[in-house]
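Q: I would like the atomic coordinates for the input below:
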Amino acid sequence: MEEKLLDEIPSLDLADFRSGDPERKARFVQQLGEAYQNIGFVALKNHGLTDEQTQALYADVKSFFSLPDDVKQQYEKPELAGQRGYVSKGKEHAKGRNTGDLKEFYHVGQEVEDQTDPIGQEYPANIWPKEVEGFHKSTFTTYRTLEAAGKDVLRAIALYLKLPENYFDDKVRNGNSILRPIHYFPIENPDAVPTDAVRAAEHGDINLITLLMGASADGLQVKRRDDQWIPITALPDQIVVNVGDMLQRLTNGVLKSTIHRVVNPPREKMNSSRFSVPFFMHPRSEMSLAALENCVTPENPKKEADITAGEFLNERLIELGLKKK
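A: Next up, the predicted model:
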């Protein structure tokens with residue numbers, strides 16, 4: 001069937017999935033699956049973040065990024081390939097590009113509280129800036145809240161794919177997920193930056209799914225199948241949740257990891273900041289991304305070689321310029 005081209009991303013309510021009402025839950029699963037087969041993005045409300053949490057997070061994030069560059073750079077550890085702490089302006093570029101994006105960001109990663117799980121040895125310790133007292137609490141509270149929402153979205157995806165509802169649970173338990181507060185910094189003199197430099201060049205996300213706070217600001221666009229770019233806007237109480245490349249690979253292309261970008265504002269607004277906070281939901285490194293059997297058919301033959309999530313992530317960090325070969 002030829003699916004219709006959407007002019008906006010569908011809006012869903014996670015409370016439907018969490019309601020305990022089989023009808024509301026089934027409807028959520030169907031609508032989510034259809035959106036992910038079509039455009040790969042949804043806007044989601046009732047995700048668990050309160051207004052107070054959100055305000056505290058943005059206050060702390062803005063405080064950190066307003067610090068002098070030399071202070072922020074004390075929290076930059078190149079030997080960690082950007083896995084934890086600060087990543088300075090222009091360091092990251094999209095796959096296939098050499099021009100750095102017009103952004104700086106900070107990475108907060110998994111904390112393994114279960115001492116019996118050996119995966120804790122794989123993760124570097126988080127780095128907390130001492131200049132912003134609330135940063136640790138506000139970012140990590142957000143991390144756990146979005147992780148919980150992401151687990152429910154994955155349960156809905158599992159049901160849509162006719163898998164057991166808990167299919168992803170053990171694969172994302174203590175997974176390598178990252179919270180990334182981003183500052184798209186003001187450009188005082190637009191003529192001084194490379195002509196092809198943008199806030200975030202077109203890219204697909206590496207991970208299983210991304211849960212994004214801050215999509216109510218202008219600039220985020222997604223590329224439809226007909227190569228038209230459409231703006232993604234979410235209401236202030238919504239986050240945007242999209243399919244990443246790992247999930248597309250696992251489903252043999254049934255669910256779509258759609259190319260998206262953050263475009264520069266008009267010249268007269270280039271001198272303003274934009275903030276957003278994506279949560280990149282990653283599985284454990286040993287998870288196989290081999291195509292699911294029920295996603296391989298004569299009409300949709302297997303597209304990609306088998307690979308683990310850890311191997312795939314490593315490949316992509318090298319392509320993004322965050323890790324040396």
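Q: can we go C-alpha only for contacts and neighbour counts from here?
A: Will do.
Q: where along this structure do the strands fall?
A: Under the criterion DSSP state E, strands of the chain are mapped to 11-13, 41-45, 85-87, 104-109, 178-179, 182-184, 200-203, 209-213, 220-223, 229-231, 239-243, 260-262, 274-281.
Q: angle of the second one against strand 239-243?
A: In other words, strand 41-45. With axes from the mean of the first three to the mean of the last three Cα atoms, to 10 degrees defining the directions, strand 41-45 sits at 150 degrees from strand 239-243.
Q: how long is stretch 162-171 end to end?
A: 17 Å (Cα to Cα, to the nearest Å).
Q: can you check stretch 35-54 too?
A: Termini of stretch 35-54 sit 26 Å apart (Cα to Cα).
Q: and of the strands of the chain, who's closest to Cys295?
A: Checking the strands of the chain against Cys295 by Cα to Cα gives strand 239-243 as the closest, at 15.7 Å.
Q: pLDDT on that closest one, on average?
A: Across strand 239-243, the average pLDDT comes to 96.
Q: now do stretch 282-302
A: On average, stretch 282-302 scores 96.
Q: flag the shaky bits of the stretch 201-325 of the chain, pLDDT-wise.
A: Residue ranges of the stretch 201-325 of the chain with pLDDT under 70: 215-217, 322-325.
Q: do you have the helices of it handy? List them.
A: Secondary structure of the stretch 201-325 of the chain (DSSP state H, counting those that start in this stretch): helices located at 245-250, 309-319.
Q: need the ones you listed in TSV with mean neighbour count, can you?
A: Below are the helices of the stretch 201-325 of the chain laid out as TSV (neighbours: other Cα atoms under 10 Å):
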stretch	mean neighbour count
helix 245-250	23
helix 309-319	17
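Q: need those in CSV (columns: distance to Cys295).
A: Output for these, formatted as CSV (distance: least, Cα to Cα, whole Å):
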stretch, distance to Cys295
helix 245-250, 8
helix 309-319, 18
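Q: sorry, back to before: using a markdown table, lay out the strands of the chain together with mean neighbour count and distance to Lys25.
A: What follows is the strands of the chain, written out as a markdown table (neighbours: other Cα atoms under 10 Å; distance: least, Cα to Cα, whole Å):
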| stretch | mean neighbour count | distance to Lys25 |
| --- | --- | --- |
| strand 11-13 | 19 | 10 |
| strand 41-45 | 24 | 14 |
| strand 85-87 | 25 | 38 |
| strand 104-109 | 24 | 30 |
| strand 178-179 | 24 | 27 |
| strand 182-184 | 22 | 33 |
| strand 200-203 | 20 | 32 |
| strand 209-213 | 25 | 20 |
| strand 220-223 | 20 | 27 |
| strand 229-231 | 17 | 28 |
| strand 239-243 | 25 | 17 |
| strand 260-262 | 21 | 29 |
| strand 274-281 | 22 | 22 |
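Q: need the longest helix for this structure.
A: Criterion DSSP state H: the longest helix present in the chain is helix 135-160.
Q: which strands and helices sit next to that helix?
A: helix 22-38, helix 51-65, strand 104-109, helix 169-172, strand 178-179, strand 209-213, strand 274-281 (3 or more Cα pairs under 8 Å, 6 or more residues apart in numbering; DSSP states H and E).
Q: swap the cut-off to 6 Å and go again
A: Packing contacts for helix 135-160, counted by 3 or more Cα pairs under 6 Å, 6 or more residues apart in numbering; DSSP states H and E, involve helix 22-38.
Q: which parts of the helix it packs on are buried?
A: Residues 24-26, 28-29, 31-38 are the ones in helix 22-38 that count as buried (16 or more other Cα atoms under 10 Å).
Q: show me which of those residues is closest to Phe105.
A: Using Cα to Cα, Tyr36 comes nearest to Phe105 of the buried residues of helix 22-38, at 27.5 Å.
Q: what sits against the spatially most central residue of the chain?
A: Taking Cα atoms, centre = their mean as the criterion, Thr210 is the residue nearest the geometric centre of the chain, at 3.0 Å. Thr210 makes contacts with 241-242, 279-281, as judged by Cα atoms under 6 Å, 6 or more residues apart in numbering.
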